[in-house]
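Peer 1: Here is my input; please provide its structure:
(one chain, ligands or ions: 1)
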Amino acid sequence: MPLRERTRDVLSVLRAAYEYDNLGNLSDPLDELVYIVLSGKTQGTTCQRVFARLKELYGSWDELAAASEDELRMILQLGGLQDKKTRWLLAALAEIITREGGASLRSVASMSDAEAESYLCGLPGVGVKTARCVMMYSLGRFVLPMDANVFRLLTRLGCLPPGTSYRQGHQLAQDVVEPTDRHDFHVYAVIHGRATCRPQQPDCGACPVGVLCPRLTLSRSGAGRRARRP
Ligand code: SF4
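Peer 2: The predicted structure follows:
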């Protein structure tokens, strides 16, 4: 079966199996960028609390950009990784203000997908996944942000070539999902990855897409016990 058909079938099963959740993402591109920076290794509800606190304390992202590292670090410590996130956030905001004359990413809306991705990836601390989250959630672009959940699911389903590394996977992952399916595939892969297709001890016996997954077929045939798979 062609890979895009397989990922479409997987998505339709996941849609039926789980309730949709927008994962807290935001419509303004700079809000979304800040939110994604804050979300690193942080649970969704905690990240939302930290984001709300920043909005409450600062009138604008320009105002936050003028904050001291110490001040920001204190606020971000609730979500963890505060040193890294403080440095990324202040560096990214400083670069945006230099490029745009103010803390806004609205100019990205008029760029092509390739220009937008390249522009965003040129900001300090911003990689392909973050850039595509901004593009997909805030600008409605048909791109696929590949986080660890998406990568793990596509790898286990056999939709990426064997041995594909996370770094190599971004474009390959995007290519195996139909453009109009990418938003929901990302969302449902995250939900499924948290609930069932976990990094360790995935609950394959209760998996709604097990029938489409070679890993489950292998483990039922006994071959999965001989070869360790991602
Ligand atoms: S069968 Fe297991 S490895 Fe395959 S998608 Fe389901 S939980 Fe993940």
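Peer 1: quick one: residue 186 and the ligand, what's the gap?
Peer 2: 15 Å (CB to the nearest ligand atom, to the nearest Å). In this view, the C-beta of every residue, glycine as well, is placed from N, C-alpha and C.
Peer 1: cool, residue 63 as well?
Peer 2: 44 Å.
Peer 1: go on, residue 96?
Peer 2: 38 Å.
Peer 1: same question, residue 111
Peer 2: 35 Å.
Peer 1: With residue 34 instead?
Peer 2: Distance check for residue 34 against the ligand: by CB to the nearest ligand atom, it reads 32 Å.
Peer 1: what sits against that residue?
Peer 2: Going by CB atoms under 8 Å, 6 or more residues apart in numbering, residue 34 touches 51, 54, 61, 89.
Peer 1: can we see that at 10 Å?
Peer 2: By CB atoms under 10 Å, 6 or more residues apart in numbering, the contact set of residue 34 is 26, 28, 50-51, 54-55, 61, 64, 85, 88-89, 92-93, 103.
Peer 1: three-state assignment of it?
Peer 2: helix (DSSP: H, G, I helix; E, B strand; the rest coil).
Peer 1: mind checking the backbone torsions on the residue nearest the centre of the chain?
Peer 2: Central residue of the chain (CA atoms, centre = their mean): residue 147, 4.5 Å from the mean position. Backbone torsions of residue 147, given as degrees, to the nearest 10, read phi -100, psi -170.
Peer 1: Going along the chain, name the strands of this protein.
Peer 2: Ranges of strands within the chain: none, based on DSSP state E.
Peer 1: Show the end-to-end separation of stretch 110-129, please.
Peer 2: 20 Å (CA to CA, to the nearest Å).
Peer 1: ok, now stretch 69-85?
Peer 2: Counting by CA to CA, you get 10 Å between the two ends of stretch 69-85.
Peer 1: Could you point out the longest helix of the chain?
Peer 2: Using DSSP state H, we find that the single longest helix of the chain is helix 82-100.
Peer 1: and it, how far out from the chain's middle?
Peer 2: Chain-centre distance of helix 82-100: 19 Å, with CA atoms, centre = their mean, to the nearest Å.
Peer 1: What of stretch 135-148?
Peer 2: 8 Å.
Peer 1: for the record, mean pLDDT for that stretch?
Peer 2: Mean per-residue pLDDT for stretch 135-148: 96.
Peer 1: Can you report how many residues neighbour residue 107?
Peer 2: When counting by other CB atoms under 10 Å, one arrives at 14 neighbours for residue 107.
Peer 1: how close does it get to the ligand?
Peer 2: The value you get for residue 107 to the ligand, if CB to the nearest ligand atom is used, is 40 Å.
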